[in-house]
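Visitor: Structure, please.
(2 chains)
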Amino acid sequence: MNKIIAQLDHVSAGYNGDTVLKDVSISVRANDFIGVIGPNGGGKTTMIKVLLGVIQPFKGQVKFPSGKIKIGYLPQASQIDKSFPISVREVVESGLKPKNRWFPLLEKKQKEKVISLLNKTGLAEYIDSPIGSLSGGQLQRTLLCRAIINEPNLLVLDEPNTYVDKNFEGELYKWLQELNERMAIVLVSHDVGTISSMVKTIACVNGNLHHHKSNTLTSELLKIYNCPIDLIAHGNIPHRVLNKHN
Amino acid sequence: MKNFIDLFEYTFFQNALYASLLISILSAIIGTYIVSRKNVFISGGITHASFGGIGIAYYMGLNPFLGAAIFAILTGTGIEWISNKGKMREDSAIAILWSLGMALGIIFVFLTPGYSPNLMSFLFGSILSVSIADVYMILALTLVTAIFFLLYYRPILYSAFDAEFSTINGMKVAVFRYAMAILVSLAIVVSIRAMGIILVLSIFTIPQTTAMLYTHQFRKIMGLSILFGLLGSIIGLFAAYAMNIPSGATIIFSLTIQYLSLKSVHLIRLKIKQRA
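Guide: Numbering: from 1, shown residues only, chains lettered A, B, ... in the order given. Coordinates of the predicted model:
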C-alpha cells in the first residue's frame, strides 16, 4: 500500500521564463500526508501546480509510477469567484466525471452521491444556495467536497486554513486524518504550527525542496534547509513543533 | 389602439417582432454567461472591433455582417487566447482591439466612394429594417446556442466558474471557452442589426442584472432574462415605431426603466422586511 504514486523528478519550473523551482525532486506515496511549507514566493504553489499538470516544467518530469491516478484539488479560497451564480450542489457535482464526454450527463447514482456527501458534511440545508451566501468555512467545506467526490488517490490542498474560523479548522483536520486512511494528502500551508501536528512529513520549499521525513522541525534544520519560516510567531504551538521529542 | 393592431399586418413589423423575440432568447443565454464570467468589457471590445469588419466589407462590396462576424470572432477568440497565455494585460488588449476596430471601420467607410446610408443603423440599430433572411439567421444561431447549452450546460458552467479545477479534472476547458467565445461573438453580431454597435451590450446585461434581483442560479438567470428581455424589447419596439426613434435606444430605455422599477420594489420590500 506504500508504493510511490506521484513523483517530481528533478523539476525546474516557473513563470514567464523566471525559474521559481530549481531542481526539485519529491515522491508521494499512497498513504503520505505531506505538509508543504516555505516563505511566500518560495514556490509552494508552483510546485503543486506542476504536480497537478497545470504548469509544464522547464526541466525534469512529473511521473506516476503506479499508473494514472485521480487527483482531487482544493484551490486557495481567494481564487474562487464567490459572486459567480453557482449552487453548492453544482460546485460539488463539478468534481465528478460524466461517463460519456459527448453527452456529459450525470447518472442518478452520481447525483445521489453528491447529496449523501453534502448530508454527511452538514451542508444539506445549503444544497441549492448560491456559493455567495456561504461563510468562509462553508465554502471551504463545499470545495473540499468537490475535491473528494470522485474518490481521488491524491488530495492536494492549497492553504485550506485561510479565511476559516478556528472551529472549522479543527473539524477540517479531523476530516483530513480520516481521508488520509484512503488517500495521500499534500497540504500547502504558511501556518507551520498548525500543520506540523497532523502531517506525517514536512517538505520545505524555497526554490529548492527538502523533504524532512518527520513532522518535527527545529530552527536549526530550517536554516540548513534554507527555509526562512518564523517558528516563534506561532505562540505556544512552536514548542511542540520544535521539541516534540522532549 | 387600432393603429397598433394594424401594425402586425406589416411584414417589416412582423420581422421586427420575430427578431426581438429571438434576440431576447439568444441574449438571455449568452448574456448570462458574459455577466457570470464578468466579461462585459470583453464583449464591448468584440462589439466595437466588429465595426472594422463592417468598414472593410463595405469597401470591398461584401456583406457587412460577414465582415463583422469575422472581426468579432477574431477579437473574441483573440482575447480568450491572450487571457489564457497571460502575456499581456487583458484590459489593455481589449482597449486596443476596441479602438483599432472602430478606427479601421471609419477609415474604410470614408475610403468607400459614395454615401453609406446604413452607417447610422449600424451604430444605433434599426430593428424595423430587419429582413426575413436576417430573422432566419438569428433563428439558426439561437437554435445552435440553445442546443449547445442543453447538451453541454455542465462543462460550460464549470469551465466558466473554475477553469483551473476543470482542467485538472480532465475537462477540455479550452474547447468550451473558445466555442463560447465564438458563440458570444456571433450573438453580438446578429444583435447589432437590431440594437446597434453602441447600444447592443445592454440587451446582454440589463435583463441579467434584473434577473439577479430574484435568483443567483445560472439556469434561472437565463430563464428570467428571457422574460425581462422580451418584455423590454417589445415595449421598446412599439415606442420606437410610435415616436420614430432608433429601436436600440428605446429598447435600452425600457429595459432600464424595468430594472429601476423592480429594483425599487425590491429595496422597499427589503426595508419592510427589516422593520418587521
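Visitor: for chain A, what are the nearby residues on the stretch 51-200 of chain B?
Guide: For the stretch 51-200 of chain B, the residues in contact with chain A under the definition CB under 8 Å from any CB of the partner chain are B:87, B:151-152, B:154-155, B:157-158, B:160-162, B:164-170. Every residue, glycine included, has its C-beta placed from N, CA and C.
Visitor: Narrow those to those that are buried.
Guide: In these, burial by neighbour count holds for B:152, B:154-155, B:157-158, B:160-162, B:165-169, counting by 16 or more other CB atoms under 10 Å in any protein chain shown.
Visitor: Output those in a markdown table; the columns should cover secondary structure and distance to B:Gly78.
Guide: Formatted as a markdown table, these follow (DSSP: H, G, I helix; E, B strand; the rest coil; distance: CB to CB, whole Å):
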| residue | secondary structure | distance to B:Gly78 |
| --- | --- | --- |
| B:Tyr152 | helix | 23 |
| B:Arg154 | helix | 27 |
| B:Pro155 | helix | 22 |
| B:Leu157 | helix | 24 |
| B:Tyr158 | helix | 24 |
| B:Ala160 | helix | 19 |
| B:Phe161 | helix | 23 |
| B:Asp162 | coil | 23 |
| B:Phe165 | helix | 25 |
| B:Ser166 | helix | 22 |
| B:Thr167 | helix | 21 |
| B:Ile168 | helix | 26 |
| B:Asn169 | coil | 27 |
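Visitor: farthest-separated two in those residues?
Guide: Using CB to CB, those reach their maximum pairwise distance at B:Tyr152 and B:Ile168, which is 19.0 Å.
Visitor: which SSE is A:Gly35 in?
Guide: Assigned by DSSP states H and E, A:Gly35 belongs to strand A:33-37.
Visitor: Where do the strands of the chain begin and end?
Guide: Using chain A. Under the criterion DSSP state E, strands of chain A are mapped to A:4-15, A:18-29, A:33-37, A:59-63, A:71-74, A:154-158, A:184-188, A:201-206, A:208-212.
Visitor: Where in chain A is the helix or strand with the lowest mean pLDDT?
Guide: Comparing helices and strands within chain A by mean pLDDT, DSSP states H and E singles out helix A:237-243 as the least confident, with a mean of 41.
Visitor: Give me the distance between A:Arg101 and chain B.
Guide: Shown here: A:Arg101 relative to chain B, a distance of 8 Å by CB to the nearest CB, to the nearest Å.
Visitor: List the residues that contact the residue nearest the centre of chain A.
Guide: Of all residues in chain A, the one closest to the mean position by CA atoms, centre = their mean is A:Leu157, 1.4 Å from it. Shown here is A:Leu157, whose contacts under the criterion CB atoms under 8 Å, 6 or more residues apart in numbering or on different chains are A:73-74, A:144, A:147, A:176, A:185-188.
Visitor: And B:Leu66, by the same measure?
Guide: B:53, B:57.
Visitor: Which pLDDT value does the model give B:Gly248?
Guide: For B:Gly248, the model assigns a pLDDT of 83.
Visitor: for the nearest residue to it once chain neighbours are set aside, phi and psi?
Guide: Computed as CB to CB, 6 or more residues apart in numbering or on different chains, the closest residue to B:Gly248 that is not its neighbour in sequence is B:Gly125, at 3.3 Å. Main-chain torsions, B:Gly125, degrees, to the nearest 10: phi 80, psi 150.
Visitor: what separates B:Gly125 from chain A, distance-wise?
Guide: The gap separating B:Gly125 from chain A is 28 Å, by CB to the nearest CB.
Visitor: Run through the residues that contact that residue.
Guide: For B:Gly125, the set of contacting residues under the criterion of CB under 8 Å, 6+ apart consists of B:192-196, B:199-200, B:246-249.
Visitor: can you give me the helices in the chain?
Guide: Since you didn't name a chain, this refers to chain A. In chain A, helices defined by DSSP state H lie at A:44-52, A:88-93, A:108-120, A:136-148, A:166-180, A:192-196, A:219-224, A:237-243, listed in chain order.
Visitor: Correction: the question concerned chain B.
Guide: Along chain B, counting by DSSP H, helices occupy B:2-7, B:11-36, B:40-60, B:64-85, B:90-111, B:119-124, B:132-161, B:163-168, B:173-195, B:201-211, B:218-243, B:247-275.
Visitor: And the pLDDT for the closest residue to chain A within chain B?
Guide: Using CB to the nearest CB, the single residue of chain B nearest to chain A is B:His216, 3.6 Å away. Among the per-residue scores, B:His216 holds a pLDDT of 92.
Visitor: Can you report phi and psi for it?
Guide: phi -120, psi 30.
Visitor: likewise A:Ile69?
Guide: In terms of degrees, to the nearest 10, the main-chain angles of A:Ile69 are phi -120, psi 160.
Visitor: Now do the contacts for it.
Guide: Contacts of A:Ile69 were listed using CB under 8 Å, 6+ apart, and they are A:5-6, A:152-154.
Visitor: same thing but at 10 Å, please
Guide: Applying CB atoms under 10 Å, 6 or more residues apart in numbering or on different chains, one finds that A:Ile69 lies in contact with A:5-6, A:28, A:30, A:152-154, A:183-184.
Visitor: which of those residues are close to chain B?
Guide: A:Pro152 (CB under 10 Å from any CB of the partner chain).
Visitor: Now flag whichever of the contacts of A:Ile69 is closest to chain B.
Guide: Chain B has its nearest neighbour among these in A:Pro152, at 9.9 Å by CB to the nearest CB.
Visitor: ok, the closest one - how many residues close by?
Guide: For A:Pro152, the count of nearby residues is 21 (other CB atoms under 10 Å in any protein chain shown).
Visitor: The closest residue in space to it that isn't next to it in sequence: how many residues sit nearby?
Guide: When the adjacent residues along the chain are set aside, A:Pro152 lies closest to A:Gly72, with 3.5 Å between them (CB to CB, 6+ apart). Around A:Gly72 there are 25 other residues, counting by other CB under 10 Å.
Visitor: A:Gly72 pairs with what?
Guide: Here A:Gly72 sits in beta bridges with A:Leu155, as judged by DSSP bridges.
Visitor: how near is B:Tyr10 to A:Ile69?
Guide: Taken as CB to CB, to the nearest Å, the spacing of B:Tyr10 relative to A:Ile69 amounts to 66 Å.
Visitor: what does B:Asn39 give?
Guide: Using CB to CB, B:Asn39 is found at 34 Å from A:Ile69.
Visitor: Mind listing what's buried along stretch A:199-207?
Guide: Of the residues in stretch A:199-207, those buried under the neighbour-count criterion (16+ other CB under 10 Å) are A:199, A:201-207.
Visitor: Buried residues in stretch B:49-58, which are they?
Guide: By neighbour count on 16+ other CB under 10 Å, the buried set for stretch B:49-58 is B:49-58.
Visitor: closest to A:Gly38 among those?
Guide: Nearest to A:Gly38 among the buried residues of stretch B:49-58: B:Ala49, at 43.7 Å, using CB to CB.
Visitor: give the contact list for that closest one.
Guide: Remark: with contacts taken as CB under 10 Å, 6+ apart, B:Ala49 is in contact with B:68, B:71-72, B:74-76, B:78-79, B:94, B:96-102, B:104-105, B:185, B:188, B:197.
Visitor: Below-threshold pLDDT in the stretch 151-276 of chain B: ranges please.
Guide: Judged by pLDDT under 70, the stretch 151-276 of chain B has no weakly predicted residues.
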